[in-house]
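Visitor: Sequence first, then the predicted structure, then my questions.
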Amino acid sequence: MNKENKIKLANYLTKEFNESKIIILAEFSKLDVKEMSSIRKNIKELYCNIQVVKNNIIKKAFQSLAQNEICRYLQNPNIIIWTKSGDESEIIKTLSKFYADSGKVNIKVGIIEGKIIEKNIIQQINKLPSKKILQAVIISNVIFPVTSFIFNIQYPISRLILTLKTISKKIEEGEK
């Protein structure tokens, strides 16, 4: 790759990283073509970008964003994963599962919404339920008091109506 293309790639990555919700830097080793295709496919399904880029180009992109701390993680071959719209926890879970299965893609560091997240925090995020499950729990916790309140208001009224119907039926049967 000539110097002009390297500059274009660094500028492209800078722009993409600046607009991304999450950026993950992971080390890979001895991935064969099938494994690389598999991880690319899984990551693309999560609306993410994944690219193998030379460390000096990644370094220039992060320096342009004033994220110089990331540069200390730039040893060995790296994969960079980023997204503007994907679910952060699902990305982490997918990469962690791939690492657990193969031992070949090791997450080093991440940036979530502009903040550097160390590997131990990423591992804790991996243990959390997915974003969709957490949203469902929150919604059910918000809705439960409302539905409970409505039930508590409706139940006595429904019981009264049922009792009145029963009394009315007995009166009608008594008159016949």
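Guide: Everything's here; your move.
Visitor: my guess is residue 23 is in a helix, correct?
Guide: No: in this structure, residue 23 is strand, not part of a helix, as judged by DSSP: H, G, I helix; E, B strand; the rest coil.
Visitor: what's the helix or strand harbouring residue 159 packed up against?
Guide: Using DSSP states H and E, the element containing residue 159 is helix 131-175. Helix 131-175 makes packing contacts with helix 88-102 when contacts are defined by 3 or more Cβ pairs under 8 Å, 6 or more residues apart in numbering; DSSP states H and E. Every residue, glycine included, has its C-beta placed from N, CA and C.
Visitor: Count residues in the vicinity of residue 161, would you?
Guide: Residues near residue 161, counting by other Cβ atoms under 10 Å, number 10.
Visitor: Likewise for residue 117?
Guide: Summarising burial for residue 117: neighbours were counted as other Cβ under 10 Å, giving 20.
Visitor: from what I can see residue 55 touches residue 75, true?
Guide: Yes: the criterion here is Cβ atoms under 8 Å, and residue 55 meets it with residue 75 at 7.3 Å.
Visitor: Nothing else from me, thank you.
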